[in-house]
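Novice: What follows is a predicted protein model with its sequence.
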Amino acid sequence: MNDKITIKILIEWIGILVIFSIISAIGNVIGYHYPFIESLIGMLMLCGISLAGLIIERYVPWDIPSILYISLIGLILALPISPVSGTLIYYTSRVELISLTTVLLAYAGISMGKDLGDFKKVGVKGVVVTFFVIFGTYVGSALIAQVVLMFTGMI
């Protein structure tokens, strides 16, 4: 549905994903003492799934976000009937979520700094709205987690 993928776009995506993988794997070594190679393999597997979802999103005629394709590919590959599920689960379990979010938030901060002029134009109202959106998302997530944990008997 969108523009077709050029070699330049594909190389850019791969470059970003590889850099993200290496930094996240280093974070896993420092923060969680996982072996670097195992963390890197897990990250590269996740990046391969992400890249496949991004490519599929460009060529499927429906206007569906790439995150849906990425999630479906990951889910199918991790199913017990998948021949790669054991390997995929082993290596991706060597990747901690917090090491991913650290890199992601750093990248978001850099992107935000790049657009600081546009951010200043938003003004105080935009900052207040942003605060309430983030606060509401946090409280909503906490409430959902609380209900699920109570429902499953974990608390």
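Specialist: Received, thanks.
Novice: quick one: residue 73 and residue 48, what's the gap?
Specialist: Distance of residue 73 to residue 48, given as CB to CB, to the nearest Å: 9 Å. (Each C-beta comes from the backbone N, C-alpha and C, glycine too.)
Novice: next one: residue 16
Specialist: Distance of residue 16 to residue 48, given as CB to CB: 14 Å.
Novice: ok, now residue 97?
Specialist: Counting by CB to CB, the gap from residue 97 to residue 48 is 18 Å.
Novice: Among those two, which residue is more densely surrounded?
Specialist: Taking other CB atoms under 10 Å, residue 97 and residue 48 do not tie; residue 48 has more neighbours (16 against 7).
Novice: surely residue 42 meets residue 99?
Specialist: No - the criterion here is CB atoms under 8 Å, and residue 42 misses it with residue 99 at 10.6 Å.
Novice: Of these two, give the one with the bigger neighbour count.
Specialist: With neighbours defined as other CB under 10 Å, residue 42 and residue 99 compare such that residue 42 has more, 25 against 22.
Novice: That one: what's it in contact with?
Specialist: With contacts defined as CB atoms under 8 Å, 6 or more residues apart in numbering, residue 42 is in contact with 25, 91-95.
Novice: Follow the chain on from the helix or strand of the chain with the lowest mean pLDDT and name the next helix or strand.
Specialist: Counting by mean pLDDT, DSSP states H and E, the chain has its least confident helix or strand at helix 97-114, which shows a mean of 80. Remark: after helix 97-114, the chain's next helix or strand is helix 116-151, criterion DSSP states H and E.
Novice: mind listing what's buried in that following helix?
Specialist: Within helix 116-151, no residue counts as buried by 16 or more other CB atoms under 10 Å.
Novice: Can you report how many residues neighbour the closest residue to residue 29 other than its chain neighbours?
Specialist: Leaving aside its sequence neighbours, residue 29 sits nearest to residue 36 (CB to CB, 6 or more residues apart in numbering; 4.9 Å). Residue 36 has 14 neighbours, counted by other CB under 10 Å.
Novice: contacting residues for residue 36?
Specialist: With contact set as CB under 8 Å, 6+ apart, residue 36 has these partners: 25-26, 28-29.
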